[in-house]
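**Q** Next comes the sequence, and after it the predicted model I'd like to discuss.
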Amino acid sequence: MPYALNPGDPDWRSRIDQRFTSLRGFAALTVMLAHYQYSGLLPVGFLPSAPLFKYSGQWGVMVFFFLSSFLLSHSLASDPNWTARPHLSLIAYSINRVFRIFPVLFVVIALTFWNPSSFFPLSVGYWEELRRSLTLGEAPGALWTIPVELTFYLYLPIVLALAAGATRSRCGAALLGSAYLAWCVAIALARRNGAPASLWMTLGFHHYANSFVGGVLFYALLANGRIRFPRRGACIAWIAPIGFLCAYPFLYFALFRGDPSMAELARPGAWLSYYDAVFPIAPLVVGGVIYGLLHPSASPLSRIMRTRGLRKIGELSFGVYLVHIPIVVFFGSHFGYGQWQFCASIAATFAAAAVLSALIERPGIAFGRDLGGWILAGPKVKPDRPIAVERQFDLSRG
């Protein structure tokens, strides 16, 4: 007998809350430590012979994009107005996105304006910094994901409506799933044969589009009952994390290439070539990890994602992502690079993220949610069909 997802289970919401938040915390840690290694902290003073996270930031970004699109799809589709009054859902969705991203971003750009080495040169004014931070191809450093995310937000309701409609039938689900797999293969072949970037920036906005679309498609298949959780499916909760970790540059080069120092990736552009081979299949691997977290069976993956520390990092992940580069630049430029600077940078990053979360992020999200709720006030319309997963509370904000 297959397991059945039971949204009425009072423990379901808290379990998924914990696991998905922790996964986001793991992704934030990966990005932060990868950037610290690029900056010189880890190779100089901490495990110089075992750079565990070096060149791994791209994997963290792929997790963010897939998980964000999955949760935002659920948030939008769970709105009772989604089918009957979609304009109200889209208004509330847009308001929530604005207050999720912009308050913290505005503050971080303002603070780093006084430390120009973080993102922008001295000659750039604040409003120009803000404009570049929101412009595809111009946002510097770690900020490059912000305009990519904003573009994703514009596409998501359209992709969700198409995917949800197509996957209602078995035939439609099979065709759409096959088309998606063919798309990923086409991307891999295009990069292998040196197709120019203008051709492989799929859907017209970024090469991570397949991670974004993968999260939406996964949700649509789940919501329409096309993805099930039989007992034998528990093996995915074991296999997918192993595949995920083996694709990390350090483990891949240490296990399969005999090069734990990753000297091969030190060549200019080499790590980009590595990820050209990885990102076409990344949504399939990340989707397997998400499936493993949703599966009711116990697994090492679910146990790890119940870790309180990872969950706390996940709650602070957006702030950690925005401030970790300014923090490491500050410590490196003032005190040099070494083991104690590495530890101090980590502590300062989490402290700054906690302050931003308490003073800016959470109040902004709450205000956006209240404003969206006020706009949506009125007769409630039941959705056409039950949703397979319980509403993702605060994590629905992406």
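**A** Noted; the coordinates are in hand.
**Q** contacts, neighbours, all on C-alpha from now
**A** OK.
**Q** tell me the mean pLDDT over stretch 80-98?
**A** Mean pLDDT, computed over stretch 80-98, is 87.
**Q** With only the CA atoms kept, save it in PDB.
**A** Listed in PDB are the C-alpha atoms of stretch 80-98, where the atom choice follows Å, rounded to 0.1, in the frame of the first residue of the first chain:
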ATOM      1  CA  PRO A  80      -9.000  30.300  -2.600                       C
ATOM      2  CA  ASN A  81      -9.200  33.200  -5.200                       C
ATOM      3  CA  TRP A  82      -6.600  31.600  -7.500                       C
ATOM      4  CA  THR A  83      -9.200  30.000  -9.900                       C
ATOM      5  CA  ALA A  84     -12.300  32.300  -9.300                       C
ATOM      6  CA  ARG A  85     -10.600  35.700  -8.900                       C
ATOM      7  CA  PRO A  86      -7.000  35.400 -10.000                       C
ATOM      8  CA  HIS A  87      -6.400  39.100 -10.200                       C
ATOM      9  CA  LEU A  88      -6.800  39.300  -6.400                       C
ATOM     10  CA  SER A  89      -4.400  36.400  -6.000                       C
ATOM     11  CA  LEU A  90      -1.900  38.100  -8.200                       C
ATOM     12  CA  ILE A  91      -2.200  41.400  -6.400                       C
ATOM     13  CA  ALA A  92      -1.600  39.800  -3.000                       C
ATOM     14  CA  TYR A  93       1.200  37.600  -4.500                       C
ATOM     15  CA  SER A  94       3.000  40.700  -5.900                       C
ATOM     16  CA  ILE A  95       2.600  42.600  -2.600                       C
ATOM     17  CA  ASN A  96       4.100  39.700  -0.600                       C
ATOM     18  CA  ARG A  97       7.000  39.500  -3.000                       C
ATOM     19  CA  VAL A  98       7.700  43.200  -2.800                       C
END
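**Q** In it, which residues are buried?
**A** For stretch 80-98, the neighbour count (16 or more other CA atoms under 10 Å) marks 80-83, 86, 88-90, 92-97 as buried.
**Q** Just name the closest of these to S273, please.
**A** R97 (32.8 Å; CA to CA).
**Q** just to revisit the earlier point, identify the farthest-apart pair in the buried residues of stretch 80-98.
**A** T83 and R97 (20.0 Å).
**Q** Show me the buried residues of stretch 80-98 that map onto helices.
**A** 81-83, 86, 88-90, 92-97 (DSSP state H).
**Q** What is the nearest of the buried residues of stretch 80-98 to H324?
**A** R97 (22.2 Å).
**Q** List the contacts of V159.
**A** Applying CA atoms under 8 Å, 6 or more residues apart in numbering to V159 gives the contacts V213, V216.
**Q** and it, what element?
**A** helix 145-166 (DSSP states H and E).
**Q** what comes up buried for that helix?
**A** 145-153, 156-157, 159-161, 163-164, 166.
**Q** ditto for stretch 237-246
**A** Quick answer for stretch 237-246 (16+ other CA under 10 Å): A237, W238, A240, P241, F244, C246.
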